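Engineer: Sharing a model that was predicted from the sequence below.
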Amino acid sequence: MRCRIFAFILFFAVAGCRLGGSDEAICPRVVIPRDTAYLTQIVNYREEFQISLLGYEGHCYFDTRVNRDKAVINPVFKIKRLRKSDETDVHFAYYTETVKGPPAYLGKKTYYLAVTLAFDETEKIYTAPAVEVKIPPEMKYEFDINLGLVISPEEMRYNRRTFDIDYRYVDE
């Protein structure tokens, strides 16, 4: 009896892996490069805000107006205040970029955001408005879309020096 129960559980475990384990049929296929997934904004030589790209919400659909497949992406950010200040608006930019595929579908587009963080708020999860990226129909499940923060060369150098440091709020 135990062998039958064990065989039954093993069968469903293997079947579950086969049914749900395929990453091939995901649309959109969004890639978040680690070196552009976060940035620390420095104002007057002090760390003021840390912005992290946590992930995204998204789906694909066929736009009948233009007869084209499109990916809809809503990036999810975590904005963290690092020091007490009178700043309430955090300005930053992010991008979508396609680098492989038919030439008509390649390119980079930048989006600008201003997120309000209340005076007493030290951290906020923010889902950005939806952006659309056109995708080739024959590559719907293989077309990678890079998603990241727009980072200046100075911020990139700082990121590399302080890689993956989780800053805490300092009350000064």
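Structural biologist: Nice, I can see it.
Engineer: Flag the shaky bits of the protein, pLDDT-wise.
Structural biologist: 1-24, 43-47, 162-172 (pLDDT under 70).
Engineer: Let's check: the centremost residue of it is which one?
Structural biologist: What sits nearest the mean C-alpha location of the chain, by CA atoms, centre = their mean, is G55, with 3.4 Å.
Engineer: Indicate each strand paired with the one helix or strand it maps to and its parallel or antiparallel sense.
Structural biologist: Taking DSSP states H and E as the criterion, G55 maps to strand 46-63. In the sheet, strand 46-63 lines up against strand 38-43 (antiparallel), strand 68-81 (antiparallel) (DSSP bridges).
Engineer: Just put these in JSON lines and tack on distance to G148 and mean neighbour count.
Structural biologist: Bear in mind the C-beta positions are built from the backbone N, C-alpha and C, glycine included. Output for those, formatted as JSON lines (distance: least, CB to CB, whole Å; neighbours: other CB atoms under 10 Å):
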{"stretch": "strand 38-43", "distance to G148": "9", "mean neighbour count": "18"}
{"stretch": "strand 68-81", "distance to G148": "9", "mean neighbour count": "19"}
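Engineer: Next, format those strands as a markdown table and append distance to A93.
Structural biologist: Formatted as a markdown table, the strands paired with strand 46-63 follow (distance: least, CB to CB, whole Å):
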| stretch | distance to A93 |
| --- | --- |
| strand 38-43 | 10 |
| strand 68-81 | 11 |
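Engineer: mind checking which of those strands is nearest P153?
Structural biologist: Smallest distance to P153 across those (CB to CB): 11.9 Å, for strand 38-43.
Engineer: starting at the chain centroid, how far to the closest one?
Structural biologist: 17 Å (CA atoms, centre = their mean, to the nearest Å).
Engineer: Could you do stretch 37-53 as well?
Structural biologist: Put simply, stretch 37-53 sits 17 Å off its chain's centre (CA atoms, centre = their mean).
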